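*Asks:* here are the coordinates; sequence isn't available:
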């Protein structure tokens, strides 16, 4: 099994909400709100790239440390440790999109971490709520090699 840990703070971005700049979790509910805004698709794309830019160095460093690229027919298990009970698991699991897109954009010495996130490479995803960890909220991603 291979493993990568991503802190949940990579999904928190400064955003204007209710007229004030606030730190916002980019979960499904907030993603839907963004798409309802004027120029929502443009704003959403910018947010997606901001999150990917936070994940990619974690993936790149893991590759430098010896983590092998993802191969075809991979099953992923996401173990979630939340900072609190305020956000449902289904809202967090939406972030698979950001994670897999960052995996595809990550490369070290010309070797791409995950060539594609289509059904040839991602054949299953499992999500498991593992509890509250206020000091270290994270998602631990395991997959078969």
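*Replies:* That came through, no problem. Nothing here was measured: the structure is a model prediction, and the numbers come from that model. Numbering: from 1, shown residues only.

*Asks:* Partner strands of the strand ranked longest in the chain, with direction?
*Replies:* Ranked by residue count and defined by DSSP state E, the top strand of the chain is strand 122-132. Take DSSP bridges as the rule and strand 122-132 pairs in its sheet with strand 74-82 (parallel).

*Asks:* quick one: buried residues of the very next helix or strand once past the partner strand?
*Replies:* As assigned by DSSP states H and E, the chain's next helix or strand after strand 74-82 is helix 89-93. Using 16 or more other CB atoms under 10 Å as the test for burial, helix 89-93 gives 91-93. C-betas here are computed from N, CA, C, even on glycine.

*Asks:* what do you get for stretch 91-109?
*Replies:* Using 16+ other CB under 10 Å as the test for burial, stretch 91-109 gives 91-96, 98-107.

*Asks:* Quick check: mean pLDDT of stretch 51-65?
*Replies:* Across stretch 51-65, the average pLDDT comes to 97.

*Asks:* Would you mind pulling the contact partners of it?
*Replies:* Stretch 51-65 is contacted from outside by 4-6, 10-11, 13, 26, 67, 69, 95, 98-99, 101-103, 105-108, 111, 113, using CB atoms under 8 Å, 6 or more residues apart in numbering.

*Asks:* Just the ones in strands from these, please.
*Replies:* 4-6, 13, 107-108, 111.

*Asks:* show me the residues around the residue most central in space within the chain that make contact.
*Replies:* Taking CA atoms, centre = their mean, the centroid of the chain lies closest to residue 99, which sits 3.3 Å from it. By CB under 8 Å, 6+ apart, the contact set of residue 99 is 6, 55, 139, 141.

*Asks:* Now render those as TSV, adding secondary structure.
*Replies:* Shown next, in TSV, are the contacts of residue 99 (DSSP: H, G, I helix; E, B strand; the rest coil):
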residue	secondary structure
6	strand
55	helix
139	strand
141	strand
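
*Asks:* That'll do, ta.
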